[in-house]
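Enquirer: attaching a predicted model along with its sequence, questions to come.
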Amino acid sequence: MTGTVAGFVGALTGLGGAVVITPVLSLLFGVPIEYAAGASLVATIATSSGAAVAYIKDGIVNLKIGMSLEIATTIGAIIGSFLAAAVYANNLAYIIFIIFGAVLLSSLYPTIKKGYGHKRTRTDWSTDVFQMKGVYYDKATKKRVKYAGSRWHIGESIMFVAGTISGLLGVGSGVLKVLALDSAMRLPIKVSTATSDFMIGVTAVTGSAIYWALGYIQPMLVAPVIVGVLLGAYFGTKTMQADGSSQLRSIFVIVLAIVAVEMILRGIGVA
Amino acid sequence: MRKHSIDRMIYRTLAVFILLSAVLVSVGIILSLYTGTSSQIGTSFMTAGVFVLFATPVARVVMSILAFLEEKNRLYVIITSVVLTNILMALFVLPIFLRA
């Protein structure tokens, strides 16, 4: 059940699903947070792959932009997961709770802001160098939308941070990725969300490799989550394609805000 | 068009990998429900499912390199190869330092 819900939320908002899995496993079921993080990182690969299948079929993912930014996210993921290893080795798990809560809280703001339609396309030096022009078919308006990415250097820098957070906390960093694509590189929100979902799997597998070596990925814990997440991702992607569903989104935001505060309180030692 | 055939190849491969992972993991869960959670066979299936899932994004990157090779897009062949190198480092090289 947890996995299904998490996958649904993840595909719907571009969050990746881990923001739900880690708190549920650690706060509700008392799983040590390094194993919860390991499970959610693997679940993130499943969410991403499930969503990517649907998106590639529709041709919304921009492969070039995604790949050029993966250089930063994969390096970040390696650094982040080594940081996580150092944190857990020194019994500093409470730090992860606090950072997790803080990251979750701050990631809710762009989620609220989302859905204003895309602004005018602008181009700069990086548009040509990284071949960031594209076109997609918008199902909602039934039109072909031309777009171009710009400010690649800002996007790449944010992606490095996103990768590091992904490795440190065992999350997909979907919000930060969408922010980089949408706000920094000025891509349409649908392209941003689809490309972010596509990228998350590549980032997460890099972190997961290190987590596996550290023994944080327990097959018994991960298996049910994978099944649920794949089911959720399948239906979640369909829902996002159909409409904006802003009401559903605001409910998630409120729930996640409570979860974030809960995580911080646990980290401080109050809850 | 060529681009569409590569997209379709990526799409099909991903779908097959995901399905295989889901099946392996499900079989693992069912086996361990029947034979008890300590059974080795159930865990083996689950582990195999997790590994197939790991392979999915890697396959995606490898196929992207092929797609860019096909397009003769040198810049993106290099970029995507760097990404693949990073992933393979994390999978096979860096764990050596963790065990040391």
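Expert: Structure's in. What do you need?

Enquirer: can you give me the helices in the chain?
Expert: Chain wasn't specified; assuming chain A. A:2-13, A:18-23, A:33-58, A:63-89, A:93-113, A:125-129, A:152-169, A:174-179, A:189-214, A:219-242, A:246-268 (DSSP state H).

Enquirer: chain B, not that one
Expert: Under DSSP H, chain B gives helices at B:2-35, B:40-70, B:74-88, B:94-99.

Enquirer: got the confidence number for residue 32?
Expert: You didn't say which chain, so I picked chain A. The per-residue pLDDT reported for residue A:32 equals 92.

Enquirer: right idea, wrong chain: chain B
Expert: Looking at residue B:32, the pLDDT reads 86.

Enquirer: shouldn't it be in contact with residue B:42?
Expert: Yes. Residue B:32 lies in contact with residue B:42 (CB atoms under 8 Å); the separation is 3.0 Å. All C-beta atoms are positioned from the backbone trio N, CA, C, and that covers glycine.

Enquirer: next, count neighbours for the spatially closest residue to residue A:197 that is not a sequence neighbour.
Expert: Spatial nearest neighbour of residue A:197, excluding adjacent residues (CB to CB, 6 or more residues apart in numbering or on different chains): residue A:51 at 4.1 Å. Taking other CB atoms under 10 Å in any protein chain shown as the criterion, the count of residues near residue A:51 is 31.

Enquirer: also the one 10 residues further on?
Expert: Residue A:61 is flanked by 26 other residues according to other CB under 10 Å.

Enquirer: so what's it up against?
Expert: A:52, A:55, A:191, A:194, A:195, A:197, A:198 (CB atoms under 8 Å, 6 or more residues apart in numbering or on different chains).

Enquirer: look up how far chain A lies from residue B:30.
Expert: 10 Å (CB to the nearest CB, to the nearest Å).

Enquirer: pLDDT weak spots in chain A?
Expert: A:1-17, A:56-57, A:110-120, A:233-249, A:271 (pLDDT under 70).

Enquirer: contacts only, for residue 63.
Expert: Since you didn't name a chain, this refers to chain A. Contacts of residue A:63 (CB under 8 Å, 6+ apart): A:198, B:64, B:67.

Enquirer: wrong one, I was asking about chain B
Expert: So residue B:63 contacts B:6, B:9, B:10, B:13 (CB under 8 Å, 6+ apart).

Enquirer: give me the subset of these that also touch chain A.
Expert: residue B:10 (CB under 8 Å from any CB of the partner chain).

Enquirer: now list the buried members of the contacts of residue B:63.
Expert: Buried residues within the contacts of residue B:63, counting neighbours by 16 or more other CB atoms under 10 Å in any protein chain shown: B:6, B:10, B:13.

Enquirer: which of those residues lies closest to chain A?
Expert: residue B:10 (6.0 Å; CB to the nearest CB).

Enquirer: check the closest one and give its pLDDT.
Expert: 78.

Enquirer: pretty sure residue A:102 contacts residue A:264?
Expert: Yes. With contacts counted by CB under 8 Å, residue A:102 reaches residue A:264, the gap being 6.7 Å.

Enquirer: these two: which is more packed in?
Expert: With neighbours defined as other CB under 10 Å, residue A:102 and residue A:264 compare such that residue A:264 has more, 19 against 14.
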